[in-house]
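K.L.:
pasting the sequence and the predicted coordinates here, then a few questions.
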Protein chains: 2
Amino acid sequence: MRKRENIILKTIKDKGLKITPQRQLIGEVLDGNKTHPSAEDVHKKVSEIAPTVSIATVYKTLNSLADLGVIQRLDVGDGKTHFDPDITAHSHFVCLNCRKIFDVATSVPLPDLGKDFKVVRAQAVYYGYCKECQDQTEE
Amino acid sequence: MRKRENIILKTIKDKGLKITPQRQLIGEVLDGNKTHPSAEDVHKKVSEIAPTVSIATVYKTLNSLADLGVIQRLDVGDGKTHFDPDITAHSHFVCLNCRKIFDVATSVPLPDLGKDFKVVRAQAVYYGYCKECQDQTEE
DNA sequence: AGTTCTTTTTATAACCATTCCTAATCCCTC
DNA sequence: GAGGGATTAGGAATGGTTATAAAAAGAACT
């Protein structure tokens, strides 16, 4: 069984960017991450291993990766940008109580809005209450 | 032909809030507004008539109205919250070039995600290029 | 009109996420 | 091992939003 390659680090390399220790760490934190972390979340994780990595570097790397299309920016209305390394077609569910973000398989197709609007991306966000928070408020 | 009533001001009254001159103005700016203004946009408009109205009052009023459900918060990833007095089911198209927000009739239905996720609201945002910006980049 | 109680507004400070700036550092190549 | 480009750290700056506290405005009652 061989180790799955980290697509994020691969893309950094492919695009001619340098694999620095900072980027390596950020790539590892993101790889396969299903928690939709904010920049601060990523920085916290990275800091556990390399406490000197600055938040500015984290922002810069995340923005580069998003611009390259290897990760996705995700806005759910909580004032911070979240990042999702899963760029396959899927939507998100946000719990209005605990604010956790969940992946949902349902994806909205790119609609045809006529030639006045050339659609290149569709993002659906569903709001509601997750299992845990439903149970909690029921008692 | 009689004047259409302003649903926003009506709701303020119905909920027991006072109709102050400030709220009156904000209500009038919002009523029928299709431009999806940010708090700052609203404040600018209001200031043309009453220059002493503070931005804090605008924020407080907009948040109250959104919490009451007469207007809708709208996040499109530009760092600021936009407000939409149209609360009927519809989606939004955001131009990646000029950042203008357009209404689109298409609306996504509330999906059934099983009992683990109780969905109460669905929001779809489409990104792309509007007519004007398509023309602009073509030449 | 005056008193009291509540709501609302204002102005300013505080807050937080994000970006900017600049000097220092690293890596490559000559 | 010196120059040059890319990258980083750290802190200052920015911009949207909210908190705070004091003043103003209303309403109810006398």
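P.N.:
Here it is on my side, so go on.

K.L.:
can we go C-alpha only for contacts and neighbour counts from here?
P.N.:
Will do.

K.L.:
would you mind listing what in chain A touches DNA strand D?
P.N.:
With CA under 7 Å from any atom of the strand as the criterion, chain A meets DNA strand D at residues A:17-18, A:20-23, A:52-57, A:60-61.

K.L.:
just put these in JSON lines and tack on neighbour count, pLDDT and secondary structure.
P.N.:
Output for the residues of chain A next to DNA strand D, formatted as JSON lines (neighbours: other CA atoms under 10 Å in any protein chain shown; pLDDT from 0 to 100; DSSP: H, G, I helix; E, B strand; the rest coil):
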{"residue": "A:Leu17", "neighbour count": "12", "pLDDT": "90", "secondary structure": "coil"}
{"residue": "A:Lys18", "neighbour count": "12", "pLDDT": "92", "secondary structure": "coil"}
{"residue": "A:Thr20", "neighbour count": "10", "pLDDT": "94", "secondary structure": "coil"}
{"residue": "A:Pro21", "neighbour count": "11", "pLDDT": "95", "secondary structure": "helix"}
{"residue": "A:Gln22", "neighbour count": "17", "pLDDT": "95", "secondary structure": "helix"}
{"residue": "A:Arg23", "neighbour count": "22", "pLDDT": "96", "secondary structure": "helix"}
{"residue": "A:Thr52", "neighbour count": "10", "pLDDT": "94", "secondary structure": "coil"}
{"residue": "A:Val53", "neighbour count": "19", "pLDDT": "96", "secondary structure": "coil"}
{"residue": "A:Ser54", "neighbour count": "13", "pLDDT": "97", "secondary structure": "coil"}
{"residue": "A:Ile55", "neighbour count": "16", "pLDDT": "97", "secondary structure": "helix"}
{"residue": "A:Ala56", "neighbour count": "11", "pLDDT": "97", "secondary structure": "helix"}
{"residue": "A:Thr57", "neighbour count": "14", "pLDDT": "97", "secondary structure": "helix"}
{"residue": "A:Lys60", "neighbour count": "13", "pLDDT": "97", "secondary structure": "helix"}
{"residue": "A:Thr61", "neighbour count": "18", "pLDDT": "97", "secondary structure": "helix"}
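
K.L.:
which pair in those residues spans the largest distance?
P.N.:
The largest separation in those, counting by CA to CA, is between A:Leu17 and A:Thr52 at 21.1 Å.

K.L.:
I'd like to know how far the residue of chain A at minimum distance from DNA strand D sits from B:Lys131.
P.N.:
In chain A, the residue that lies nearest DNA strand D is A:Val53 (3.2 Å; CA to the nearest atom of the strand). From A:Val53 over to B:Lys131 the distance is 43 Å, taken as CA to CA, to the nearest Å.

K.L.:
just the helices in chain A please.
P.N.:
Taking DSSP state H, the helices of chain A run over residues A:7-14, A:21-30, A:39-49, A:55-68, A:131-138.

K.L.:
is DNA strand C contacted by the second one?
P.N.:
No. Using CA under 7 Å from any atom of the strand, we find that helix A:21-30 stays clear of DNA strand C, coming within 8.2 Å at best.

K.L.:
what residues sit buried inside that helix?
P.N.:
A:Gln22, A:Arg23, A:Gln24, A:Leu25, A:Ile26, A:Gly27, A:Glu28, A:Val29, A:Leu30 (16 or more other CA atoms under 10 Å in any protein chain shown).

K.L.:
identify the residues contacting the second one.
P.N.:
It refers to A:Arg23. For A:Arg23, the contact set (CA atoms under 8 Å, 6 or more residues apart in numbering or on different chains) comprises A:Leu9, A:Thr61.

K.L.:
domain ranges for chain A?
P.N.:
As given by automatic domain parsing, the domain ranges for chain A are A:7-84, A:91-138.

K.L.:
ok, of those domains, where does mean pLDDT dip lowest?
P.N.:
Mean pLDDT values for the domains of chain A show the minimum at domain A:91-138, a mean of 91.

K.L.:
gap between that one and the chain center?
P.N.:
For domain A:91-138, the separation from the chain centroid amounts to 14 Å (computed by CA atoms, centre = their mean, to the nearest Å).
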